[in-house]
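Novice: what follows is a predicted structure for the sequence shown.
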Amino acid sequence: AATLKPYLNAVRSSLTAAMCLQNFSSQVIERHNKPEIEVRSSKELLLTPIIISRNEKEKVLIESSVNSIRVSIAVKQADEIEKILCHKFMRFMMLRAENFIILRRTPIQDYDISFLITNFHTEMMLKHKLVDFVIHLLEDTHIDANHFSEINEQFMEDIDKEISEMKLAVNARARICAEEFLKTVN
């Protein structure tokens, strides 16, 4: 937890700095306002992406444009069980993306989960609460996206914690199954 705090502080300050979004209509199509970070129609509207990395496997990619930010998170996965559990957990969340408003249905390649924040989100919601939402997300997966301030647990810590708990549960179940199997063999 001591090494996690500077990492989370770096993510928080970078997100806060990148959160200066404004309404910007398309330069190509009249009356269109699409997230430039997704459309990529004009290179001059895109800012340099930022990667904040705790280690090779734990990192956050912040891609900014004039009217949107895409935040992608790679979660630490030490072994095969953690990879499977992380995939299932992220898939569970992404299937409920409409409840999270800023959650993308598919993550960017090499990342586990992605968020898309547009200027409309920053106009509807408080910017610092959006940053808190990315940093502090969920322990309980039944979250109402309109109540960001009620979220107390840190997202990245909770993912690690949830995956560790699920891994312990899988190992315990495997041990019980092995014991029962060995009882029937003897």
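Specialist: Noted; the coordinates are in hand. Being a predicted model, the structure only gives us computed values, none of them experimental.
Novice: and the biggest helix by length in the chain, what's its mean pLDDT?
Specialist: Ranked by residue count under DSSP state H, the longest helix found in the chain is helix 155-185. Helix 155-185 shows a mean pLDDT of 83.
Novice: what is that helix packed up against?
Specialist: helix 4-18, helix 80-94, helix 127-135 (3 or more C-beta pairs under 8 Å, 6 or more residues apart in numbering; DSSP states H and E). C-beta coordinates here come from the backbone N, C-alpha and C atoms, glycine included.
Novice: from the chain's centroid, how far away is the first one?
Specialist: Shown here is helix 4-18, whose average C-alpha point lies 14 Å from the average C-alpha point of the whole chain (C-alpha atoms, centre = their mean, to the nearest Å).
Novice: so where is the chain shaky, pLDDT-wise?
Specialist: Scanning the chain for pLDDT under 70 picks out 1-3, 136-157.
Novice: do you know how far the residue nearest the centre of it is from Asp79?
Specialist: For the chain, Ile113 is the residue whose C-alpha lies nearest the centre (C-alpha atoms, centre = their mean; 4.4 Å). To Asp79, Ile113 is 20 Å away according to C-beta to C-beta, to the nearest Å.
Novice: can you check Asn67 too?
Specialist: 40 Å.
Novice: those two: who's more crowded?
Specialist: Higher neighbour count among Asn67 and Asp79: Asn67, with 23 against 9, using other C-beta atoms under 10 Å.
Novice: which ones are touching that one?
Specialist: Leu21, Gln22, Asn23, Phe24, Asn33, Pro35, Glu36, Leu45, Thr118, Asn119 (C-beta atoms under 8 Å, 6 or more residues apart in numbering).
Novice: filter those residues down to the buried ones.
Specialist: Leu21, Phe24, Pro35, Glu36, Leu45, Thr118, Asn119 (16 or more other C-beta atoms under 10 Å).
Novice: dump those into JSON lines; add secondary structure and distance to Val60 as well.
Specialist: Output for the buried ones among the contacts of Asn67, formatted as JSON lines (DSSP: H, G, I helix; E, B strand; the rest coil; distance: C-beta to C-beta, whole Å):
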{"residue": "Leu21", "secondary structure": "coil", "distance to Val60": "18"}
{"residue": "Phe24", "secondary structure": "coil", "distance to Val60": "24"}
{"residue": "Pro35", "secondary structure": "coil", "distance to Val60": "19"}
{"residue": "Glu36", "secondary structure": "helix", "distance to Val60": "20"}
{"residue": "Leu45", "secondary structure": "helix", "distance to Val60": "22"}
{"residue": "Thr118", "secondary structure": "strand", "distance to Val60": "19"}
{"residue": "Asn119", "secondary structure": "helix", "distance to Val60": "21"}
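Novice: fine by me, we can end here.
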